[in-house]
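**Student:** My questions are about this predicted structure, shown below with the sequence.
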Amino acid sequence: MTKRQYHLVELFYIITGSFLTAVGIALFTAPAKIAGGGVSGMAILFYHTLGFDIGLTILVLSVPLFVLGVAIFGKEYGIRSLAGTIFLSLFTFLLNRFFGYEGLLSYDHELSVLLSAIFGGVMMGIGVGLVMRSGANTGGTDILAQIVARFTPLSLGSALFFVDALVIGASGFIFSLEQALYATITIYIIATVVDRVVLSGGTRSAKTVYIISEKLETIQKEILEQLGHGGTILSGIGMYTGLNRPVIMTVISNHKVAQLTNIVHETDKRAFMIVQEAYKVLGEGFSPIEEAAWAGQSDVTQSKPKKRH
């Protein structure tokens, strides 16, 4: 595959994914008053309280976050994020103009709200997953969560949960507790489907990646700057050549695998890359190792046999 073809595939993922995400928002979650976190959830709240157009609101709220993302993560990250944001906003705006703001279902029956939570979550999960496979994202609070995760002890998943929880909490206050619970269902479905789409069946929260390349220093720099991740340089010796071949080992979140693949591909097309499941990742940027240690002590205490009297 040529570089041009590779970028066309990336563009296809971004456009298709943004469209499917917009379908989930405009035709399912927004009409059902399901504010499932993120900028789209905030836009739904603004629409139902102030009457602001959802697509335009997504764009307006994403712009300052986009600028902040460019300042911290660089232009390449910004371009990908901007593309996802613009397409999502545009498709949401057009779908609302074509189908109206009432969606596809009649909300006289409560079952329609549940169906919107489920099918909206599936559509948005597939859409966001496709966008992330290109190494991009749909902007919004995804950028904010990545910034929080980079400069605080919180993992990306924890940062996303915190941001989404604020939006869902607001929806419970503005709409009802039931709507907040429906939004929680949608968020769970989105997260599950994204994980499946991004990694074509991956089930864990992170991956261990090994990279062998003649341009290791460049790849190492990009991992540090673009992904905000560290890693370890392992010593290796080529079996056929007998030459020293250093190997990068890094553990990254699922949604960053596509971006890392793009980095390696664009840097060295002859590179060798191994991606495998990381069953449990403890330490900085992931689950705190202290919690796991205490959990292990608790398990040992609970399983300790009782003394006989």
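**Tutor:** Cool, the structure landed.
**Student:** what kind of secondary structure is the closest residue to Ser112 other than its chain neighbours in?
**Tutor:** Nearest residue to Ser112, sequence neighbours excluded (Cβ to Cβ, 6 or more residues apart in numbering): Leu105, at 4.2 Å. (C-beta placed from N, C-alpha, C; glycine too.) Secondary structure, DSSP: H, G, I helix; E, B strand; the rest coil: Leu105 is coil.
**Student:** number of nearby residues for Leu105?
**Tutor:** 17 (other Cβ atoms under 10 Å).
**Student:** what do you get for Phe12?
**Tutor:** That count, for Phe12 with other Cβ under 10 Å as the rule, works out to 12.
**Student:** Just the pLDDT for it.
**Tutor:** pLDDT recorded at Phe12 is 89.
**Student:** Format the CA atom coordinates belonging to the strand or helix carrying it as PDB.
**Tutor:** Using DSSP states H and E, Phe12 sits within helix 3-24. Coordinates of each C-alpha in helix 3-24 appear next as PDB, following Å, rounded to 0.1, in the frame of the first residue of the first chain:
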ATOM      1  CA  LYS A   3       1.500   6.300   1.300                       C
ATOM      2  CA  ARG A   4      -1.300   8.000  -0.700                       C
ATOM      3  CA  GLN A   5      -3.500   4.900  -0.400                       C
ATOM      4  CA  TYR A   6      -2.700   4.700   3.300                       C
ATOM      5  CA  HIS A   7      -3.900   8.200   3.900                       C
ATOM      6  CA  LEU A   8      -7.000   7.600   1.800                       C
ATOM      7  CA  VAL A   9      -7.900   4.700   4.000                       C
ATOM      8  CA  GLU A  10      -7.400   6.900   7.100                       C
ATOM      9  CA  LEU A  11      -9.700   9.500   5.600                       C
ATOM     10  CA  PHE A  12     -12.300   6.900   4.800                       C
ATOM     11  CA  TYR A  13     -12.200   5.800   8.500                       C
ATOM     12  CA  ILE A  14     -12.500   9.400   9.700                       C
ATOM     13  CA  ILE A  15     -15.500  10.200   7.400                       C
ATOM     14  CA  THR A  16     -17.400   7.000   7.900                       C
ATOM     15  CA  GLY A  17     -16.800   6.900  11.600                       C
ATOM     16  CA  SER A  18     -17.800  10.600  12.000                       C
ATOM     17  CA  PHE A  19     -21.000   9.900  10.000                       C
ATOM     18  CA  LEU A  20     -22.000   6.900  12.100                       C
ATOM     19  CA  THR A  21     -21.300   8.800  15.300                       C
ATOM     20  CA  ALA A  22     -23.500  11.600  14.000                       C
ATOM     21  CA  VAL A  23     -26.300   9.100  13.300                       C
ATOM     22  CA  GLY A  24     -26.200   7.900  16.800                       C
END
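**Student:** Quick check: which helices or strands does the helix or strand following it pack against?
**Tutor:** Per DSSP H and E, the first helix or strand lying C-terminal to helix 3-24 is helix 38-50. In terms of contacts (3 or more Cβ pairs under 8 Å, 6 or more residues apart in numbering; DSSP states H and E), helix 38-50 is packed against helix 54-73, helix 141-151, helix 156-174.
**Student:** No further queries at this time; thank you.
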